[in-house]
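>>> any chance you could fold what I've pasted below:
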Amino acid sequence: MQISAPWGLTAYGTGTAVASPDLARVRLAAERVEPDAAAAFGATRLRVAAIREAMRAHGVPDEAVQESRLTLSSEYEGYGIERKFLGYRCEAGFTVELGDLDIVEPMLVAVTDAGANRVDEVTYTVRDAAALASRARSLAVSAALTRASELASASGVRLGAVLHVEDLDAGDPGPVMYRMEAMAAPPMPSGMQPGAVSVRASVLMGWALLRD
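Numbers count the residues shown, from 1 in each chain. Okay, the predicted model is just below:
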């Protein structure tokens, strides 16, 4: 991106702020297929109760569940005139927010043992995303200033007042994600690490020029 009517000296700078994640969001789902809708709802409700109890046993409070969803659909086998009605599939899904990353793996094993059919996604991020983005922007400004100073020195001039600052890329933290199927409560990978969360920011700045 460029300033449409250049003047003085312009410089582009980027900065990346990196932090260790301190928050995990886990998307779970439990589902059952039963001959009638009432039975499907009932069976799924029992699974959800067992899953919530497993989470409580690992110190996860009920308010850590951020959102939930419930669906019911007809289940068939085969196609065309050979299609056979199997019953109703009821699915209950919810997202759990965990502040203690050490319990993520054991909790996942516990909830799959308790009846969760799927662990759709585990996302690691940071609580204070705004602070991380702010640090990235500060680094971007510093990078632009360093580049501008080098250009000014090489050109035999000095930087004057800042006349233009444009925020080009104020991105959100990029989450680190894991996905796994939980049909048979598989063991979690040993030593799985969530990695790092990073934010990249870019700025375009302009300065007036001074001559000795």
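
>>> report the beta-bridge partners for the nearest residue to V157 once chain neighbours are set aside.
When the adjacent residues along the chain are set aside, V157 lies closest to L209, with 4.7 Å between them (C-beta to C-beta, 6 or more residues apart in numbering). Using the backbone N, CA and C atoms, a C-beta is placed for each residue, glycine as well. Note on L209: beta-bridge partners L159, judged by DSSP bridges.

>>> burial of L209, as a residue count?
L209 sits with 13 neighbouring residues when counted by other C-beta atoms under 10 Å.

>>> do you know the pLDDT at it?
Looking at L209, its pLDDT is 93.

>>> list the contacts of it.
G8, L9, A152, V157, R158, L159, G160 (C-beta atoms under 8 Å, 6 or more residues apart in numbering).

>>> could you pull up the mean pLDDT of stretch 54-61?
92.

>>> just to check, R69 is in contact with D120?
No: with contact defined as C-beta atoms under 8 Å, R69 does not reach D120; the gap is 11.2 Å.

>>> give me the contact list for stretch 78-94.
27-37, 39-41, 43-45, 47-48, 65-77, 120.

>>> how about it as CSV, C-alpha atoms only?
Extracted in CSV, the C-alpha atoms of stretch 78-94 (Å, rounded to 0.1, in the frame of the first residue of the first chain):
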residue,chain,number,x,y,z
GLY,A,78,-28.9,-46.7,1.8
TYR,A,79,-30.3,-44.7,-1.1
GLY,A,80,-33.4,-44.6,-3.3
ILE,A,81,-36.1,-47.2,-2.9
GLU,A,82,-33.6,-49.3,-0.8
ARG,A,83,-33.3,-46.5,1.7
LYS,A,84,-34.1,-47.7,5.2
PHE,A,85,-35.1,-45.5,8.1
LEU,A,86,-32.9,-46.2,11.1
GLY,A,87,-34.3,-43.7,13.6
TYR,A,88,-33.6,-40.2,14.9
ARG,A,89,-30.1,-38.8,15.5
CYS,A,90,-29.9,-36.3,18.4
GLU,A,91,-26.7,-34.3,18.8
ALA,A,92,-25.8,-32.1,21.7
GLY,A,93,-22.7,-29.9,21.3
PHE,A,94,-21.1,-27.3,23.4
